[in-house]
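*Asks:* Quick one: sequence plus predicted model below, questions after.
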Amino acid sequence: MNKLIKVPKTSHFSSVFNRKYALAGMVNGPLAITFLGTASAVPSHTRNHSSLVLKYDAGSWMFDCGEGTQKQMQRAGDGVRMGQVKRIFITHMHGDHVFGIVPLMASVLCGAGGTVGASDPRLDSAADKRARAETGEDEALEIYGPLGLREYIRRALRLTYTNLGGAYRVTELHFPTDQPQPEGRPHPLELSGKNILPHGDGLWRDFCVTPNLIVSAGPILHSAPCIGFVVQETNVPGKMNPALYAPHLKRNKEALAAEGIANPMKLLASIQQGIEITLPDGTRLTPPAPRVGRKIAILGDTYDPSPMTALCEDADLLIHEATNAHLPDIDRATKTTDTFESVQERTICHGHSTPQMAGAFARRVGAKRLCLNHFSSRYKGDESEEAMSIMEGIRALAIKEFGSDDVTCARDFMRIEVKRQDE
């Protein structure tokens, strides 16, 4: 709903407008994905374990954190910095997706090795740091994932004697069939986190809400409990034609000046941000209709993501795994006994997808763009002729099922900017 501001007959309007304008100025900026690791199971010289970063405005959110992720961040450049990581989302507890999270936490939260067998003076400030984070004075690192993530982090921090310089919180998304389990002793700087069950439709809707981005999640089928995440940008202000508003503002120039607004055209900025204004003569200036925010679906490992079809519909970018492919005329390692059917059957048996399966799901949900990820270590991620030929073959398989050529094969350090549909 649009905000409504009636220009009051008071000399305080100028300061009121300034405060309103400051709030309205928080416009959603660029959204970009940087892939830090695009391998499945085993890393290679050209592909690291799974991780990607969603960068927005001045912050970054990480999705999965395989072994070596912080080293990949140091190499990535492109504004990807550990100090900007605000939230971490883990799709499942397989090691190639989570083994890097505790080392990364130690770096992001200024951690250090603890002292064994004696009191550590660095722990004396832990209570104060925790209290500041609980009141919001300091920002805690927010971590989300399936059952077992909290326990894994607690035990890894404790058994490695790791001190932290800042607070963190783990929120777990539990499946209805999950059974409670011992979680170990909390770290001194761990804040209390929730355990969230899905709604009646089986989805964790809007479990993470920020001013510009909202995250929902759904179960996807894999060999272990696995979650897919959907990041929805809030609606953004529509494009405005100043010529439609200028005559009304100029007509009220004297009355606005009497209220402390010397330049009425400054009100255009407020209108642009979705604020409806009633002028002194009663004219209502309605802002342009908002533009629908961007949607990014980031799926973990899966052989069937259909339980979260509704969440993924009309995604501007769908990131879907494509672990194995049958490329008899391209891949020299192809077995002579293999067929498209046998490769897909074997891939599903291991809990994964082929490019055709990814393309079919992208078509089913009406995705605007598909990015393939999580490739077998046999598929190199460099720019050699062989690697590029294989990736193009994988891309072609997905295009055939997707019905669109807007398909990309991810490689480490690739950056994808997610544009709005009207850009």
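*Replies:* Thanks, I have the structure now.

*Asks:* When you work out contacts or count neighbours from here on, use the C-alpha atoms and nothing else.
*Replies:* Will do.

*Asks:* Would you map the helices across the stretch 251-400 of the chain?
*Replies:* 253-258, 267-272, 309-312, 340-349, 355-365, 385-402 (DSSP state H, counting those that start in this stretch).

*Asks:* Figure out which of those is closest to residue 279.
*Replies:* helix 253-258 (8.1 Å; Cα to Cα).

*Asks:* in the closest one, what counts as buried?
*Replies:* Neighbour-count burial for helix 253-258 flags 253, 254, 255, 256 (criterion: 16 or more other Cα atoms under 10 Å).

*Asks:* Next: stretch 137-147.
*Replies:* Judged by neighbour count (16+ other Cα under 10 Å), stretch 137-147 contains these buried residues: 140, 141, 142, 143, 144, 145, 146, 147.

*Asks:* from the residues you listed, which is closest to residue 304?
*Replies:* Closest to residue 304, out of all of those and judged by Cα to Cα, is residue 146, at 17.9 Å.

*Asks:* Spit out the contact partners of that closest one.
*Replies:* Counting by Cα atoms under 8 Å, 6 or more residues apart in numbering, residue 146 touches 90, 91, 92, 93, 172, 173, 174, 225, 226, 227.

*Asks:* Most neighbours among these, which one?
*Replies:* Highest neighbour count within those, by other Cα atoms under 10 Å: residue 227, with 29 neighbours.

*Asks:* would you list every one of the strands in the stretch 51-200 of the chain?
*Replies:* Using DSSP state E, counting those that start in this stretch, the strands found in the stretch 51-200 of the chain span residues 51-56, 59-63, 85-89, 112-113, 141-146, 162-163, 168-173, 190-191, 195-196.

*Asks:* Comparing the helices of the stretch 251-400 of the chain by mean pLDDT, which bottoms out?
*Replies:* When the helices of the stretch 251-400 of the chain are compared by mean pLDDT, helix 267-272 comes last with a mean of 90.

*Asks:* Remind me what that one packs against, helices and strands.
*Replies:* If you count contacts as 3 or more Cα pairs under 8 Å, 6 or more residues apart in numbering; DSSP states H and E, helix 267-272 packs onto helix 13-24.

*Asks:* what pLDDT, on average, does the helix it packs on get?
*Replies:* Mean predicted lDDT for helix 13-24 stands at 35.

*Asks:* Give the next helix or strand downstream of that helix.
*Replies:* As assigned by DSSP states H and E, the chain's next helix or strand after helix 13-24 is strand 31-37.

*Asks:* if we can go back for a sec, return the closest of the contacts of residue 146 with respect to residue 352.
*Replies:* Checking the contacts of residue 146 against residue 352 with Cα to Cα, the nearest one is residue 226 at 11.6 Å.

*Asks:* isn't that closest one right next to residue 304, touching?
*Replies:* No. Applying Cα atoms under 8 Å, one finds residue 226 not in contact with residue 304, separated by 10.8 Å.

*Asks:* intersection of neighbour lists for the two?
*Replies:* With Cα under 8 Å, 6+ apart as the test, residue 226 and residue 304 both reach residue 220.

*Asks:* what about the protein, any weak spots by pLDDT?
*Replies:* For the chain, applying pLDDT under 70 flags the ranges 1-28, 58, 115-124, 423.
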